[in-house]
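Asks: here's my sequence, what's the structure:
(chains A and B)
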There are 2 protein chains.
Amino acid sequence: MSEVRSGTDRKRILLVTAYDGTAYCGWQVQKNGETIEGVLNRELSALFGEDIVVTGASRTDSGVHALGNVAVFDTQARMPAEKVAYALNGRLPDDIRIQRSFEVPSDFHPRRTSCVKTYEYRILNREFELPSERLNSYFFRRKLDAERMKAACPYLIGEHDFKSFCSIHTQAETTVRTIYSLSVETQPFPTQMDRTAYPAGPGSLICIRVTGNGFLYNMVRILAGTLIQVGLGAYAPEDVEAMLEARDRQAAGPTAPAKGLTLVGMQYPEYPDFPL
Amino acid sequence: MSEVRSGTDRKRILLVTAYDGTAYCGWQVQKNGETIEGVLNRELSALFGEDIVVTGASRTDSGVHALGNVAVFDTQARMPAEKVAYALNGRLPDDIRIQRSFEVPSDFHPRRTSCVKTYEYRILNREFELPSERLNSYFFRRKLDAERMKAACPYLIGEHDFKSFCSIHTQAETTVRTIYSLSVETQPFPTQMDRTAYPAGPGSLICIRVTGNGFLYNMVRILAGTLIQVGLGAYAPEDVEAMLEARDRQAAGPTAPAKGLTLVGMQYPEYPDFPL
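Replies: Coordinates of the predicted model:
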């Protein structure tokens, strides 16, 4: 307690943040409704007794979930950076949990640094909804052909102009992005059971997983909505190539609902030592 | 609509019922609080315009979940039994969903017929809670040795007097039960991901799965609480043999919390054709 820190002892702390987005109006602070950013600002400020404002890496939409969204904030507090996760979790509601906290360089900015993000879109494809899956999957009753969905993926991987897969409300300067990987996996449902033991017969959880160097507004949800249409037979898998070439939002499928989407995590290639 | 059914046309319909028990005071109707049975009675009565009372197979405790609990009710309604699941789901809150409905013999009673039940107890064993798992797993931070837990299982399988694994508040005439199978499985977490992609490092979901011909009051939760103590090293795996022999609730481990428990499903050996 005898140690004195000067004003130059500010440090920047990164928070790996998991949340169930069901009850929130998205990440970004807004006037009408609780947001993830708003809760973090309020509880960090109370914890440290100073006004704290976080800067988030990904401003997820209302209803979207995260396992590893990134936020940073500056503080003069002497608490070791690694302990912040424990201290903050004690104050947070149970639908937000910090998974890790650590100090980062004071000039690190989570949105202005090139970044690789991974998202997952979960589709519960069976006859009836399941209460245990209702918060983080999109229930879709009509049978989807996952093999068709898988066959569409290779056309989307790589550097493309994804203008057809971007909300018309985008403010992006360019709509060129690179998808490093895109996969469709099916799991018998519920995942913890062998199928034979499941009382209500067949069904599956279809997980679309995509990793890229940046995503346009609604891009993952439009990719999911398009793959669903392919799975229904409305489009052929190879049709997505023409959708890309059209550079027209009307050419691609609908935007799938927010609740099926989870930001799994992100990595910063310029900072390979970050324990993300 | 010209068909006339007489009062003798009553039929008995079975409902395979899934629910998230978080918001309910258990299955059985009670004065102070909403229950699964209460919701089913109310919505079935409204659907058919007659007073309907269901009879449940398993009166799950407050906070316990189900994927396939069984209930039956009698009605004179002409709606085909298979359609009841659809009609009723349209009226139910999203944390209760019927998975299947079908007609059963009018003398079938879900509790007085011998039955095989399967339960699952889920333990989230990692450093921090995960919002996506908060409703249907028990978060336990201290590292559990799943191999030790597995090693304890064989002592519990078979016909035993489970008095040590039964709440002292039981009304059962006999405490002898048969466990047909008991297993402990670990999954990297979250299950839909490869571990390397998970942002917050290692951790696992430990699933205890047990099938038997009947379970005493709190029996699965006491089995889970005991296996957790074995996983911590407080007991040796072989100690559970002496616990059984003691026939004393004090000899076994604590009762694990309700939220980790799910009634997966049940089967009636005398009715092998039931599509359960």
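
Asks: just for the stretch 101-250 of chain A, where's the confidence low?
Replies: Judged against pLDDT under 70, the low-scoring parts of the stretch 101-250 of chain A cover residues A:188-203.

Asks: what segments of it are strands?
Replies: A:116-125, A:138-139, A:158-161, A:176-188, A:204-212 (DSSP state E, counting those that start in this stretch).

Asks: what pairs with the shortest one, parallel or antiparallel?
Replies: Right, the one you point to is strand A:138-139. Applying DSSP bridges, strand A:138-139 is found paired with strand A:116-125 (parallel).

Asks: now the angle from the partner strand to strand A:204-212?
Replies: Orientation of strand A:116-125 against strand A:204-212 (axes from the mean of the first three to the mean of the last three Cα atoms, to 10 degrees) gives an angle of 160 degrees.

Asks: any residues touching stretch A:251-258, and which ones?
Replies: Under the criterion Cβ atoms under 8 Å, 6 or more residues apart in numbering or on different chains, residues A:21, A:61-64, A:121, A:123, A:138, A:164-165, A:167, A:218, A:221-222, A:224-230, A:234-235, A:240, A:242-243 lie in contact with stretch A:251-258. Where C-beta positions appear, they are placed from N, C-alpha and C, glycine not excepted.

Asks: any of those residues buried? List them.
Replies: If you count burial by 16 or more other Cβ atoms under 10 Å in any protein chain shown, the buried members of the contacts of stretch A:251-258 come out as A:21, A:61-64, A:121, A:123, A:138, A:164-165, A:218, A:221-222, A:224-230, A:235, A:240, A:243.

Asks: the residues you listed in helices, which ones?
Replies: Among those, the ones falling in helices (DSSP state H) are A:221-222, A:224-230, A:240, A:243.

Asks: from those residues, which is closest to chain B?
Replies: Taking Cβ to the nearest Cβ as the measure, chain B lies nearest A:Ala224 of these, at 14.4 Å.

Asks: test my guess that the closest one contacts A:Glu120.
Replies: No - with contacts counted by Cβ atoms under 8 Å, A:Ala224 stays clear of A:Glu120, the gap being 9.8 Å.

Asks: find residues that contact each of the two.
Replies: A:208, A:261.

Asks: for chain A, what spans make up the helices?
Replies: Listed in chain order, the helices found in chain A under DSSP H are A:36-48, A:84-89, A:146-156, A:219-232, A:239-246.

Asks: and the ones you listed as JSON lines, adding distance to A:Ser183?
Replies: As requested, the helices of chain A are exported to JSON lines (distance: least, Cβ to Cβ, whole Å):
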{"stretch": "helix A:36-48", "distance to A:Ser183": "27"}
{"stretch": "helix A:84-89", "distance to A:Ser183": "30"}
{"stretch": "helix A:146-156", "distance to A:Ser183": "6"}
{"stretch": "helix A:219-232", "distance to A:Ser183": "11"}
{"stretch": "helix A:239-246", "distance to A:Ser183": "15"}
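
Asks: dump the residue contacts of A:Met266.
Replies: A:Met266 touches A:57-58, A:68-70, A:115-118, A:276, B:199, counting by Cβ under 8 Å, 6+ apart.

Asks: follow-up on the earlier one: out of the strands of the stretch 101-250 of chain A, which is closest to A:Trp27?
Replies: A:Trp27 lies closest, by Cβ to Cβ, to one member of the strands of the stretch 101-250 of chain A: strand A:116-125, at 13.6 Å.

Asks: got the angle for the closest one vs strand A:176-188?
Replies: With the same axes, to 10 degrees applied, the angle from strand A:116-125 to strand A:176-188 works out at 40 degrees.

Asks: buried ones in strand A:116-125?
Replies: In strand A:116-125, counting by 16+ other Cβ under 10 Å, buried: A:116-125.

Asks: stretch A:70-89 now?
Replies: A:70-73, A:75, A:77, A:79, A:81, A:84-85, A:87-89.

Asks: out of these, which touch chain B?
Replies: A:85, A:89 (Cβ under 8 Å from any Cβ of the partner chain).

Asks: which of the buried residues of stretch A:70-89 scores worst on pLDDT?
Replies: Least confident by pLDDT among the buried residues of stretch A:70-89: that is A:Ala77, with 93.

Asks: what about A:Arg249, distance to chain B?
Replies: According to Cβ to the nearest Cβ, to the nearest Å, A:Arg249 stands 29 Å off from chain B.

Asks: so that residue touches A:His169, yeah?
Replies: No - counting by Cβ under 8 Å, A:Arg249 stays clear of A:His169, with 9.9 Å between them.

Asks: neighbour-wise, which of those two wins?
Replies: Using other Cβ atoms under 10 Å in any protein chain shown, the more surrounded residue of A:Arg249 and A:His169 is A:Arg249, with 18 against 8.

Asks: any chance of the contacts of A:Met266 in JSON lines with distance to A:His160 as columns?
Replies: Formatted as JSON lines, the contacts of A:Met266 follow (distance: Cβ to Cβ, whole Å):
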{"residue": "A:Ala57", "distance to A:His160": "23"}
{"residue": "A:Ser58", "distance to A:His160": "21"}
{"residue": "A:Gly68", "distance to A:His160": "26"}
{"residue": "A:Asn69", "distance to A:His160": "25"}
{"residue": "A:Val70", "distance to A:His160": "26"}
{"residue": "A:Cys115", "distance to A:His160": "19"}
{"residue": "A:Val116", "distance to A:His160": "16"}
{"residue": "A:Lys117", "distance to A:His160": "16"}
{"residue": "A:Thr118", "distance to A:His160": "18"}
{"residue": "A:Leu276", "distance to A:His160": "26"}
{"residue": "B:Pro199", "distance to A:His160": "26"}
